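Novice: only the shape, not the letters, is given here:
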């Protein structure tokens, strides 16, 4: 008895609440990663998660919230979890408050992937009808990846060879490790918040290939919701062609690799140039057709005009012909008149005194006057005689 | 390249004009106007396509809305 009371005297005395608090303080320093098998997994009100983690010889209660789990759990799944141990004051129950869980081993990873996929599919995150198309010629795009990743260099390089003048808003994130999913979610949140300012045409989320563990962030619920919640279409390109992640299913456009993401975002420069050249050709042909149609119309008009003009000319020709006919007639009449005049002239000429003289007659003049009667003459008058070849004087006897 | 040039818009406009041309809907006067417009658009598009550089703007985390 003495012994017991002695101990009691030397020890501090707690209330129950104080003691639970005291224990929890000590336990808080014992946070750790624990590996084991999940059992009795259940979700309350879609929010609270309860399960046990166990091995052959021991079992522990675990408690968590749904949004902190990257994927749904399942009984028998092998996991690693990190959490803080504590005693719940109201029930005195010891449990681990889980901060994160990850599946262990290929089988568990695969199972976790399938469970999350099924769940998100049911929620409608993969619905085909909500997939948005990216514009053919994007002006501004968001890029989410790690600056150190080969994916980044591949994407930029391929894009450079395709289409120029694109503004790339690059948001650097961790693409693997515990922080990756949260980092990616923050990047999407950032782009959503800045969309009025950036006016992005698409957001591209990429990373290189890797093991299933490396790609964990792209298979997480957090990233899935982030992609789903993006205000602009999302292109996801992860790893090699055979890698398919949850993010791929949620994406509006799924690229097989980071390089392929660049190909899907921007068209090929040469093919666009060819299209522009073809359209230019079509325009020229179209213009030529219009010109030809017009020329044909002009031709028709000219032909019509010609016909009209010729008609008028023919008309005029008729007039000219008539006129010529008249002129001819007139000419003939003139010729006839001339002929008549000639005859007349000849006739007149035949009446001239000279012609009479030619025939042997003479003109008798006295003091310049023509004498036609002998009564006008007496003896010794001097007279002039005109014969056919000259004048000669004579005296009347 | 003139500032504020919108390749997508110009390309679309060019496509429209080309389609109208191919359907032969134009009068000489309208056609000539549209033809000139189309050629100008095509020239601008070709000029734009000569660009090779894409601009990278890295976002500094301090502007991030969280943290």
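Specialist: That came in fine, so what should we check first? It should be emphasised that the depicted structure is a prediction, and the values quoted were computed from it without experimental measurement. Numbering: from 1, shown residues only, chains lettered A, B, ... in the order given.

Novice: so which bits of the worst-scoring helix or strand of chain B on mean pLDDT are buried?
Specialist: Every helix and strand in chain B was compared by mean pLDDT, DSSP states H and E; the lowest is helix B:28-49, with a mean of 84. Using 16 or more other C-beta atoms under 10 Å in any protein chain shown as the test for burial, helix B:28-49 gives B:31, B:34-35, B:38-39, B:41-42, B:44-45, B:48-49. To be clear about C-beta, it is placed using only N, CA and C from the backbone, and glycine gets the same treatment.

Novice: identify, from those residues, the entry nearest to residue A:295.
Specialist: Closest approach to residue A:295 among the buried residues of helix B:28-49 (C-beta to C-beta): residue B:31, at 13.3 Å.

Novice: gap between that closest one and residue A:297?
Specialist: 13 Å (C-beta to C-beta, to the nearest Å).

Novice: need the residues of the stretch 1-150 of chain A near chain B, please.
Specialist: A:135-137, A:139, A:147 (C-beta under 8 Å from any C-beta of the partner chain).

Novice: quick one, which of those residues are buried?
Specialist: Neighbour counting with 16+ other C-beta under 10 Å marks residue A:137 as buried within the residues of the stretch 1-150 of chain A next to chain B.

Novice: between the residues of the stretch 1-150 of chain A next to chain B, which is closest to residue A:12?
Specialist: residue A:147 (54.9 Å).

Novice: for that closest one, which three-state class applies?
Specialist: Following DSSP: H, G, I helix; E, B strand; the rest coil, we place residue A:147 in the coil state.

Novice: wasn't residue A:36 part of a strand?
Specialist: Yes. Assessed by three-state DSSP, residue A:36 belongs to a strand.

Novice: what sits closest to it if chain neighbours are left out?
Specialist: In space, and not counting its chain neighbours, residue A:36 is closest to residue A:53: 4.0 Å by C-beta to C-beta, 6 or more residues apart in numbering or on different chains.

Novice: repeat for residue A:98
Specialist: residue A:64 (3.6 Å).

Novice: how far away is that neighbour from residue B:46?
Specialist: 59 Å.

Novice: how far off helix B:28-49 does the lengthiest helix in chain A point, in degrees?
Specialist: What stands out as the longest helix in chain A, according to DSSP state H, is helix A:269-351. If you take axes from the mean of the first three to the mean of the last three C-alpha atoms, to 10 degrees, helix A:269-351 sits at 140 degrees to helix B:28-49.

Novice: next one: helix A:269-351 to chain centre, how far?
Specialist: Here helix A:269-351 is found 55 Å from its chain centre; the criterion is C-alpha atoms, centre = their mean, to the nearest Å.

Novice: which strands or helices does that helix pack on?
Specialist: The contact analysis (3 or more C-beta pairs under 8 Å, 6 or more residues apart in numbering or on different chains; DSSP states H and E) places helix A:269-351 against helix B:7-22, helix B:28-49.

Novice: looking at these, spot the one closest to residue A:126.
Specialist: Of all the helices and strands packed on helix A:269-351, helix B:7-22 sits nearest to residue A:126, with 28.8 Å by C-beta to C-beta.

Novice: got a list of contacts for the closest one?
Specialist: With contact meaning C-beta atoms under 8 Å, 6 or more residues apart in numbering or on different chains, helix B:7-22 is reached by A:135-137, A:139, A:165, A:272, A:276, A:279, A:282-283, A:285-287, B:26, B:31, B:34-35, B:37-38, B:41-42, B:44-45, B:48.

Novice: for chain B, what's its nearest residue on the stretch 51-200 of chain A.
Specialist: Nearest residue of the stretch 51-200 of chain A to chain B, counting by C-beta to the nearest C-beta: residue A:164, 3.4 Å away.

Novice: would you confirm that that residue belongs to a helix?
Specialist: No. Counting by three-state DSSP, residue A:164 is not part of a helix but coil.

Novice: the closest residue to it other than its chain neighbours - how many residues pack around it?
Specialist: Nearest residue to residue A:164, sequence neighbours excluded (C-beta to C-beta, 6+ apart): residue B:51, at 3.4 Å. For residue B:51, the neighbour count with other C-beta atoms under 10 Å in any protein chain shown is 14.

Novice: residue B:51 in helix, strand or coil?
Specialist: Residue B:51 - assigned by three-state DSSP - is coil.

Novice: you'd agree it is up against residue A:167?
Specialist: No. Between residue B:51 and residue A:167 there is no contact under C-beta atoms under 8 Å: 11.9 Å.

Novice: measure residue A:84 to residue A:140 for me?
Specialist: Residue A:84 is 44 Å from residue A:140, by C-beta to C-beta.

Novice: now residue A:155
Specialist: 15 Å.

Novice: if you count surrounding residues, which of those two has more?
Specialist: Under the neighbour definition other C-beta under 10 Å, residue A:155 and residue A:140 were set side by side, and residue A:155 has more, 27 against 16.

Novice: avg pLDDT for the helix or strand containing the more buried one?
Specialist: Taking DSSP states H and E as the criterion, residue A:155 maps to helix A:150-162. In this model, helix A:150-162 has a mean pLDDT of 91.

Novice: next SSE after it?
Specialist: Per DSSP H and E, helix A:150-162 leads on to strand A:167-172 as the next helix or strand towards the C-terminus.

Novice: mind listing what's buried in the helix or strand following that next one?
Specialist: Once the chain leaves strand A:167-172, the next helix or strand it forms, by DSSP H and E, is helix A:180-198. For helix A:180-198, a neighbour-count test (16+ other C-beta under 10 Å) marks A:180-192, A:194, A:198 as buried.

Novice: of those residues, list those near chain B.
Specialist: Among the buried residues of helix A:180-198, the ones lying near chain B by C-beta under 8 Å from any C-beta are A:186, A:189-190.

Novice: in the stretch 251-397 of chain A, what residue comes closest to chain B?
Specialist: Chain B sits closest to residue A:286 of the stretch 251-397 of chain A, with a gap of 3.1 Å, by C-beta to the nearest C-beta.

Novice: nice, that's everything, thank you.
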